[in-house]
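Visitor: quick one, fold the following:
(one chain, ligands or ions: 1)
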Amino acid sequence: MELNEEELLEAIRRVLSGAGPEVRVGVGDDAAVLAPTGGELVVTTDALVEDVHFRREPAGARDLGYKAIVVSVSDIAAMGGSPRSAVCALILPADIEAAWVMELFGGMREACDEYALWLVGGDLARGREVSIAVTVTGEVAPGTAVLRSGARPGDHVVLTGEVGGSAAGLRLTHVRTMPSAAQLALVRRHLRPTARVGEGRVLGRHGATAMIDVSDGLALDLFRLGRASDVGAHLSIDDVPVADGATLDDALGGGEDYELLATLPGAEAVGAARLELKESFGVTLTTIGRIVEGSGLRAIDADGTARPLEPTGWNHFR
Ligand SMILES: [Mg+2]
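Guide: Numbering: from 1, shown residues only. Purely as a prediction, here's the structure:
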């Protein structure tokens, strides 16, 4: 490292300076001090490990920092909450370039600005590979957090946006030819995902009975929601909104799309939520299935044939 630890911390402090009204004490003291504003606290943490979740590339630090924040913000969104603050523990090998680390924090700052939260603390330690652990706090009005466990038979299964784009984009990052504009858009979906924060709040307000973000693949995340709710789900295969340039496999098993998968209690709630999401965010809401009694997933084809659907997706311990 070109800078020593103290110099690096000082440089990081400058990148992260500034704080919102809820932050009484931010970066630089032994701990941050936050002033709660009356809601319930929602907390989530996520670790990104070099060569497991990402490859360290000279030009990739900014996108990586951005994504490290967004994936946790997406978990807050999936509870119907609003993000407030983040802390980050960073493990760095001795051969790391200081410029790479500054870009990483630059990307984190960018995501924090985008989603109106504040990075209020962090820690640096030495290790064999880069590892980025981000904890994000958020807030929901008391009693309004949307859990995975509230889906009931008859509920409509809905999905924001489109899925499969991130997996298709990941494939394209390995292609060395000049990408087209459409391909670049897919790569961007992989490198710079969007967390559906406002959308999650809207779905909560319209009575979402359960919600999860699509981080590990639509089928696996729907399976998890069903398991937590002690119900089964029918997935209408032809209704799944597949991103342009992605395959059905990408859509069902790719993951890292960070769209919201929710259950709503009836067609009226679906219609109202769909309208508001379109008007407020320009985001589509697609009905892709139904919650049923029992357990597990069944794929429903266009002609109504049902068959068991394996909850494939990204399994971290595979
Ligand atoms: Mg999640």
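Visitor: spell out which parts of the stretch 1-150 of the chain neighbour the ion.
Guide: In this structure, the stretch 1-150 of the chain approaches the ion at residues residue 75, judged by C-beta under 5 Å from the ion. From N, CA and C alone the C-beta is placed, and that goes for glycine too.
Visitor: show me where the stretch 1-150 of the chain has strands.
Guide: Assigned strands in the stretch 1-150 of the chain, in chain order: 23-25, 33-34, 40-49, 82-92, 118-126, 131-140 (criterion: DSSP state E, counting those that start in this stretch).
Visitor: need the contact list for residue 52.
Guide: Residue 52 makes no contacts at all, as judged by C-beta atoms under 8 Å, 6 or more residues apart in numbering.
Visitor: per-residue pLDDT, it?
Guide: Looking at residue 52, its pLDDT reads 90.
Visitor: ditto for residue 313
Guide: 64.
Visitor: any low-confidence regions in the stretch 101-250 of the chain?
Guide: Counting by pLDDT under 70, the stretch 101-250 of the chain contains no low-confidence segment.
Visitor: make it 90
Guide: Flagging of the stretch 101-250 of the chain using pLDDT under 90 yields the residue ranges 121-124, 173-182.
Visitor: neighbours of the closest residue to the ion within it, how many?
Guide: Ranked by C-beta to the ion, the top residue of the stretch 101-250 of the chain for proximity to the ion is residue 213, at 4.4 Å. A count of nearby residues for residue 213, using other C-beta atoms under 10 Å, gives 25.
Visitor: can you check residue 82 too?
Guide: Residue crowding around residue 82 was assessed by other C-beta under 10 Å; the count is 21.
Visitor: same question, residue 259
Guide: Other residues within reach of residue 259, judged by other C-beta under 10 Å, total 29.
Visitor: and the gap between it and the ion?
Guide: Shown here: residue 259 relative to the ion, a distance of 11 Å by C-beta to the ion, to the nearest Å.
Visitor: how about the helices of the stretch 1-150 of the chain, start to end?
Guide: With helices called from DSSP state H, counting those that start in this stretch, the stretch 1-150 of the chain shows them at 5-16, 61-77, 98-114.
Visitor: can you say which of those helices is packed in most?
Guide: helix 61-77 (a mean of 25; mean count of other C-beta atoms under 10 Å).
Visitor: could you give the angle of that helix to helix 98-114?
Guide: Compare the direction of helix 61-77 with that of helix 98-114 by axes from the mean of the first three to the mean of the last three C-alpha atoms, to 10 degrees and you get 30 degrees.
Visitor: could you dump the strands of the stretch 1-150 of the chain into JSON lines and include distance to residue 165?
Guide: Formatted as JSON lines, the entries for these read as follows, by distance: least, C-beta to C-beta, whole Å:
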{"stretch": "strand 23-25", "distance to residue 165": "34"}
{"stretch": "strand 33-34", "distance to residue 165": "35"}
{"stretch": "strand 40-49", "distance to residue 165": "20"}
{"stretch": "strand 82-92", "distance to residue 165": "23"}
{"stretch": "strand 118-126", "distance to residue 165": "27"}
{"stretch": "strand 131-140", "distance to residue 165": "23"}
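Visitor: all set now, cheers.
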